[in-house]
Structures are given as structure tokens and as C-alpha cells.
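1. with the sequence up front, the predicted model follows.
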Number of protein chains: 2
Amino acid sequence: MSRVEPRVLKGFRDYLPEVMAPREKMFATIGHVFRQFGYLPLGTPALEYTDILMGKYGAEGDKLLYRFEDNGGRDVSLRYDLTVPLARVVAQHTQLPRPFRRYQIAPVWRAEKPARGRFREFYQCDVDVIGSDSLLADFECIQVGVAVLRALGVEDFQIRLNDRRILDGLLAKAGVSERDTQLTVLRAVDKLPKIGWPGVQKELEAVPGLTSTGIDVLHGFLEANLSQLSANDVDMDVAGPGIESLQQLLQWAETDGIAQWVDVDLSIARGLDYYTATIYETFLGAMPELGSVMSGGRYDDLLTMFTKDAVPAVGISLGLDRLLAGLLELGILEQGAHCTDVYVTVFDEATVSYSQGVAGQLRAAGISVQLHLTPGQKLGRQFKSAARSGASFVVVAGPDERAAARITIKNMKTGDQQDMSLSDGVDWIRQQIQSA
Amino acid sequence: MSRVEPRVLKGFRDYLPEVMAPREKMFATIGHVFRQFGYLPLGTPALEYTDILMGKYGAEGDKLLYRFEDNGGRDVSLRYDLTVPLARVVAQHTQLPRPFRRYQIAPVWRAEKPARGRFREFYQCDVDVIGSDSLLADFECIQVGVAVLRALGVEDFQIRLNDRRILDGLLAKAGVSERDTQLTVLRAVDKLPKIGWPGVQKELEAVPGLTSTGIDVLHGFLEANLSQLSANDVDMDVAGPGIESLQQLLQWAETDGIAQWVDVDLSIARGLDYYTATIYETFLGAMPELGSVMSGGRYDDLLTMFTKDAVPAVGISLGLDRLLAGLLELGILEQGAHCTDVYVTVFDEATVSYSQGVAGQLRAAGISVQLHLTPGQKLGRQFKSAARSGASFVVVAGPDERAAARITIKNMKTGDQQDMSLSDGVDWIRQQIQSA
């Protein structure tokens, strides 16, 4: 067979141990915070029938689906997010409780143009509350978001809030009443952080039915403050409830002590079609150009695409791999793969079993142990392998040690070496590692 | 928009919280055991160029690939296992240490006929040692396998060993020398647990060049014991090293105290093409018909498909979702999604912030808390929601409690109710939960 060049697809990447190890710790931390707020885990397939996903993300989103015909002739797609599959699950499994707080940490796929912090495969970490129209649920998503980022060691970030109803009230005022046109405008506005106002303006000029006066109204509005909004800016019948919501969320953020991480930004639009009220985006203070690392909002109508019940829902989604890229670049997260406490050498073929026994007793004491795999290799080379493994201690268990049921322990930091009985040695190493 | 019927693809499934919660605990346990043996985490893309995967699994495996053309016209496939992507990674990232102990816990996709315990999407939990030809590495995979299953609460299982070199020696004796024919025979023998000898025999009769005498030789051999094997059964030049290996592995299993979970089974063949020496399969004692839950082997030639270096390698892979199905059926694993310790009620709009504050203080103490989302709902209904959540305690934080900075705590098991200062209450609940 001819040799194949080892390579990955554009927009995809390998996570080698030095990045995968801290990434796995992030997953564990995130799951822990989600459970602390009472969210339950859910797993859904990577592949869905295309008609489940299609038409939920807008025309631009639909184009980014990894869509194909499977061996059985079915039209299938890789999931684009975790929200639409969740809506499908809730419609399908009617026994689930309401409100249903669920979390899911899983990869999604989008055939986007790769860029810094933008991958074609990335993990989303989502919490959603299904079946509650209470604004407390919208606020809880903000709380979870703040708690998660802080648990990951991030302090310099801001969750920016807006409400689709305010944008709708604005569009009504600007004379844009047709739903598809409204969504086109929102998707253009969503690109503001990426392409700036000149870029957005250019896209808006191509929108049929939107006058240059309408564009000016929009521009003025996007730079406005919540408190300045009046009937001059927006249709208050449409926008009023959204303005009240945002004011309440800000007030709760104040009493809950998280106001420093939360603010209103009327220019936040979100690209996806399914949002109906509150929307969130989150930016790192030191790296706003990375784009939003945690986004979401309320989507009270999405469920009606699968079931005749009206089921209100709200959620927020952390884009783990974009955040990871940011944290590595900012030095908030350190690369490093070491997970071995002790490296056990293997003197020769005859002492293999003794070394294995020593390793086994250390592991039984909760210690992570690597055993050298080449019996009889010179001790110097074994110590070099040990150093590369990052182990804090090396244990030598040769014929002398075996005869006396002892081990020789070398501290790799200090270079100190001592010999102890096997059982004392295991205890001592455990204490050293626990107190490290 | 017309409504879409919520449904999943055949062979795929949703993991609702009552199954996903114990499944997540399994993932955490398995990762912990892998790290205890010094294995490092790796992440690879779900999608690979098809030529990376094609031709590594045999003709039958290749047919099961989820293969398609992506939006950029690339020929891509969903990964079929974690072993071939690992080989690709090692060939591509030459800076990785040798030996390289890596683990990966991730889904794979195979368009197989769905059956009990057989899904089209399932998680594999793999450890592999790359770059060591030492038999200690083969043995370590067995050790990790035993440790993982026992950590998951499984005691009644058996890892069955064989060696491809013995099978090769047998095929040489049976007059099957052509490599493709050998692999066809091995794939037929691999189906023995599933379709029995009559089924295997039927497949073998269709193999060109295999005589009925050859088939009889095979049959006799598959029921033989390692100790009985002689030059009458196999070509000893080919099989000898394999026989010695198995004997050594059994001896180490003895001294390591894991012999009860390890045995040789000369009928184990493994369907995949890439194995070269040791092979493993693992069956649950109480449910052998489930098929192998943990399989693997040595594949010293696979890397040469990507790089001119000869890189020896060995690994074992736990099929998590099949094992999960077995453990649930056997009652070794219990369904249950409860992850909430405390449910905090919300008396009315005016006390929302006090309830949020109470919930926040409990969470800061490491306690998992659900907040009721509908302020002012009758307390009886709030308690019903609390009971459904599985919380051990309900905290009432109404206007009286707020005025006195106190909380009322109800123990949901005993029905006992008491009122305490907020700080005492948080401490008390934490102690109760820690000692539970």
C-alpha cells in the first residue's frame, strides 16, 4: 500500500497532550459549575436528519451544515449547535420535567471559513432552561456564565445583553416590517464587531426596502444607551417589554454582586434566527477581537418547529475552543501534560514483577505511576525517560531492593535519594504528593 | 414553516439525564484510571481525510465508513476508531515522546447493522503505547483494562488473549499463505462468538484455496489449549514467538494478582486488519452474548502507512456504550440523574434577591442548588418541584426569613423542619451533605 501523508482537514486540529490536559480540566470544571446550579447532563447524536436542523439558523447557517447522504440514502447532517437538538429531544421525550435544566458539553461542526479562534469543529458547553418563561431563568444563565468563567480563572470579561424585542421595535421604527428582511438586517448588525460600521452599512445598503434614513436611524440606535431609548428611537409597543427585562436583569446583577461582568449593548444582535427576547454575548476584556466566547438567548418559538406546544426556553453556550485559544494566548492557561507522580524503573527481566508490584501498590494509594517498559536498559536512560515524564519521584526497585522488600526513592526536584521499606515508602510518597 | 417530526437516526440514541449522569461518572472514572497509569490525553478531529482511514480496517470495515464529500469537495470520513487517527497523529507530530502513552475518550461512527449493544455512534475509551516493542506494554494494556473495569464496579469479566502470529502459524499449516486470504479467514473466525462454528464454516467454505482438510485443521485448533499446541498444529517458526508471549503474559498476570480475569483463547481473531501479535477481547461473565466490551492488540505495522519509520504499538479500547448497556441490564449500574442537593424556593417578586443570595451562599459552600423559577407560586407546588428534583433539602427564604437574615430548612427525607440563621444554616447543610 502506498504511504498516505499524515494531515488534518483545514479548520480542524489535533489537541496534543500539553493542550488537551488543561482542556480536559476545563471540561471538568465547567461540568462541575453546571451541576452546582442543578443542570442535568444530556447526550445527543452528532448526526441528525437534515430536516431537524435545516431552517433553524438562517440561510447563512444552513449553508454551513456538514450535510450528506448516508449509506442508507438518508439526508443527514452533523449538528451545528446543541440548541436545536435539545429542542428536538424535548419535543420527542415528553416525559422530561418542566422546567428542564439541562447541560451538554459536546462538539459541533460548521463549515465556516477558518480564522483565529474560529474552527470547523469546536466544543460547546451549553446550559438551557426549557419550559419556563420566567426572567429568573434568563438571569440564571448569566449567573452560570459568570460562575463558569470565574471558575476557569477568567476575571476580565463582560457579558453584553440585548433583547430582540428592542431590535424589533427599532426595525419597526426604521420601516422594516417583513420578517425575512428583519433577519437579514440583524445578521448584518451581528457582524459589527467583526467588520465595523462601514462594513455593516454596506450590507444594509443592499437590503431591499431599507432607506438611507432607516440606516441612519439604525446607526444612531446602535450607539445609544438603554436609558436614552424613547418612542423616538423605537416602537415602544414592541420594544417596551424588552427594555423592562434588561432593566430587571441589570438590577438583579447588582444585588447578586455580578454587575461588574454584565452590561447592556444595544448593538448585540446574534446571527441565529431563533432568538425571541434576551440575547447574550461575552467578550474577553483583553481580547475583544477574539469575538464572543459565550453567547445565547431566549428562543420561545423554536420548539414549535417540532411540537404544537408552545415551550419557552432560554440558554447560554460557552465556545470552549475559542476561549481556550484566548486563554492560552493571554497566558491565563498554561500548557502542560504532566500527570505522572512517580516513575518506576525496571532493573532487569528478573525484577519485572517486583517493579510491577511496587507500581501497583503506589497506584492503589491513589498515585499516578509510569513503569519503564524496557527492562535492563541503563539506569541513566531510564532516569532520562523519567525526567521527560515530569514525574516528581523516581523509584528504583532492583534486585537488592527486592531482596529486602525495600525501594530507593529519588526526589527529582531536590535530587535527594533515600531508601525505605516498600510500605513506608508508599506512605511517604503519598504524603509528599498530597502536601505538594 | 411546516412542523418536523422529532426523531433520531437508526442506530443512534439520545442519552437522557438518568442514563447520561451515570455515563458521565463512568467517563470520569475511566479517565482517572488511565492517568493513574501515566497515560496522556489526546484529542483528534471527528472528520479525517478518507485516505487516512481507508484500507486500514479491511474491506468490510471500509464499507462501514460514514464517507462524503464536504463543501470544499474534499473526500472526508467520520473516524471509525481512535487507533488509526492516533497513528496519523504520531506520524505527523514527530516531537511526541517515545514511548508515548496516550488515552482518548471520544465517539466513533460505523454504519453497522444496529443490534443489542451495537450502535452506529459509540464512545471508545482507548489507551495505547506507541514506540515500544516491549511485551511489558502489552501487559500494561491488560492491567489498565482490569483496573478500569474493576473501578467501574465490574468483577465478573474475562480478558481473552491470543496472538496473531499463532493464527498465522496455523494458517501456514492449513495451507493458506496469501495475505488477503489469511485476513478473510481471520475475519470469518472473528465471527465465531456471534454466528457459531456452522456459520464460520460456511464462510470458510467460500474462501478460495482453503480445502476442507484445512477447515478441519482450523476447527480442531480453535478448540485447543495453548499448552497442547505443537508443530502438528501450527508452523512453529511463525507461531513460536506468539506462544512464548502468551505464556509470559499469563505468568505476569499470575504474579500481578490479576490471573482470574485473564485467559488465553485461541479462537479470538479480531476483525481488523492491522493487528500483528497480541490481541485482546473481553467478555462479561454474565452476558457473553453482548460481545466484546474491550478489545485491542499489537499493531506494529500500522504506522508504516503514514511514515517510513517502523513504530511498534499496542493498545486496548473499551466500548463504553456497549458496556453501559450491559451494566444497566445487569443492574450493576443504576439509572438516576439527581445532582441537586438543595432546592431554594422563591416566595414572591420582592424576595427574589434574598433567595438568589441564599442560593449563591450555598453554592459558594460547594453545594449544588436549584432555584425555583416562578416567584409567588404556591409553596405546595414549589415543594413538588423540589421533590421531583431529588434535592435532599428545601430552603424557604420568604419575607420573614429575609427580615431576620434566617432560612427555614426542610429535610426531604425525614420531613423535619428547622429555622436557622443564614450562615449557620449554610454550614449545617454542608455538614449534612458531606456526611451523607
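-> Great, that's in hand. Numbering: from 1, shown residues only, chains lettered A, B, ... in the order given.
2. give the contact list for A:Q182.
-> A:168, A:171, A:176 (C-beta atoms under 8 Å, 6 or more residues apart in numbering or on different chains). Bear in mind the C-beta positions are built from the backbone N, C-alpha and C, glycine included.
3. what is the nearest of the residues you listed to chain B?
-> Distance to chain B, by C-beta to the nearest C-beta, is smallest for A:D168 among the contacts of A:Q182, at 18.7 Å.
4. got the residues of the stretch 51-200 of chain A near chain B?
-> A:51-52, A:55, A:63-64, A:66, A:68-72, A:74, A:76, A:78, A:88-89, A:91-93, A:96-97, A:99, A:101-102, A:107, A:109, A:111, A:121, A:129, A:132, A:134, A:136-137, A:139-140, A:143, A:147 (C-beta under 8 Å from any C-beta of the partner chain).
5. which of the contacts of A:Q182 tops the neighbour count?
-> A:L171 (28 neighbours; other C-beta atoms under 10 Å in any protein chain shown).
6. make sure that residue is actually in contact with A:T184.
-> No: at 10.5 Å, A:L171 does not count as touching A:T184 under the criterion of C-beta atoms under 8 Å.
7. mind listing the strands for the stretch 301-436 of chain A?
-> A:313-319, A:342-344, A:369-371, A:393-396, A:406-411, A:417-421 (DSSP state E, counting those that start in this stretch).
8. those strands into a markdown table, with extra columns for mean pLDDT, distance to chain B and mean neighbour count?
-> Shown next, in a markdown table, are those (pLDDT from 0 to 100; distance: least, C-beta to the nearest C-beta, whole Å; neighbours: other C-beta atoms under 10 Å in any protein chain shown):
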| stretch | mean pLDDT | distance to chain B | mean neighbour count |
| --- | --- | --- | --- |
| strand A:313-319 | 98 | 10 | 26 |
| strand A:342-344 | 97 | 8 | 27 |
| strand A:369-371 | 97 | 3 | 25 |
| strand A:393-396 | 97 | 13 | 24 |
| strand A:406-411 | 97 | 17 | 20 |
| strand A:417-421 | 96 | 20 | 13 |
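9. look up phi and psi at A:Q104.
-> In terms of degrees, to the nearest 10, the main-chain angles of A:Q104 are phi -150, psi 130.
10. beta partners for it?
-> A:D126 (DSSP bridges).
11. next, the contact list for the spatially most central residue of chain A, please.
-> By C-alpha atoms, centre = their mean, chain A has its centre lying nearest to A:L320, at 2.7 Å. Counting by C-beta under 8 Å, 6+ apart, A:L320 makes contact with A:23, A:26-27, A:30, A:105, A:122-125.
12. same thing with A:G117?
-> So A:G117 contacts A:290-291, A:321-322, A:325-326 (C-beta under 8 Å, 6+ apart).
13. any idea how far it lies from B:R3?
-> 36 Å (C-beta to C-beta, to the nearest Å).
14. try A:G169
-> Taking C-beta to C-beta, one finds A:G169 at 29 Å from B:R3.
15. what about those two, which has more around it?
-> Set A:G169 next to B:R3 and count neighbours by other C-beta under 10 Å: A:G169 wins out with 25 against 11.
16. now the more buried one: which helix or strand?
-> Secondary-structure assignment from DSSP states H and E places A:G169 in helix A:164-173.
17. for that helix, give me every contacting residue.
-> Counting by C-beta under 8 Å, 6+ apart, residues outside helix A:164-173 touching it are A:177, A:182, A:185-186, A:189, A:217-218, A:221, A:229, A:233-243, A:245-246, A:266, A:269-270, A:275-279, A:297-298.
18. now do the helix or strand just after that helix against helix A:164-173, angle only.
-> Sequence-wise, the next helix or strand downstream of helix A:164-173 (DSSP H and E) is helix A:179-190. If you take axes from the mean of the first three to the mean of the last three C-alpha atoms, to 10 degrees, helix A:179-190 sits at 110 degrees to helix A:164-173.
19. pLDDT of helix A:179-190, averaged?
-> For helix A:179-190, the per-residue pLDDT values average out at 85.
20. so which bits of the helix or strand following that helix are buried?
-> Helices and strands here follow DSSP H and E; after helix A:179-190, the next one along the chain is helix A:192-205. Within helix A:192-205, the residues scored as buried using 16 or more other C-beta atoms under 10 Å in any protein chain shown are A:192-193, A:200-201, A:204.
21. which pair in the residues you listed spans the largest distance?
-> A:P193 and A:L204 (15.9 Å; C-beta to C-beta).
22. low-confidence regions, the stretch 1-150 of chain A specifically.
-> A:1 (pLDDT under 70).
23. touching, A:M420 and A:I409? I think so.
-> Yes: assessed by C-beta under 8 Å, A:M420 is found in contact with A:I409 at 6.5 Å.
24. how far away from the center of its chain is stretch A:174-186?
-> Its chain's C-alpha centre and that of stretch A:174-186 lie 31 Å apart, by C-alpha atoms, centre = their mean, to the nearest Å.
25. related to what we said a few turns ago, rounded mean pLDDT for the helix holding A:G169, please.
-> Rounded mean pLDDT across helix A:164-173 is 90.
26. ok, the closest residue in space to A:E69 that isn't next to it in sequence to A:P45 distance?
-> Using C-beta to C-beta, 6 or more residues apart in numbering or on different chains and skipping residues adjacent in sequence, the residue nearest A:E69 is A:D75, 6.1 Å away. Distance of A:D75 to A:P45, given as C-beta to C-beta: 15 Å.
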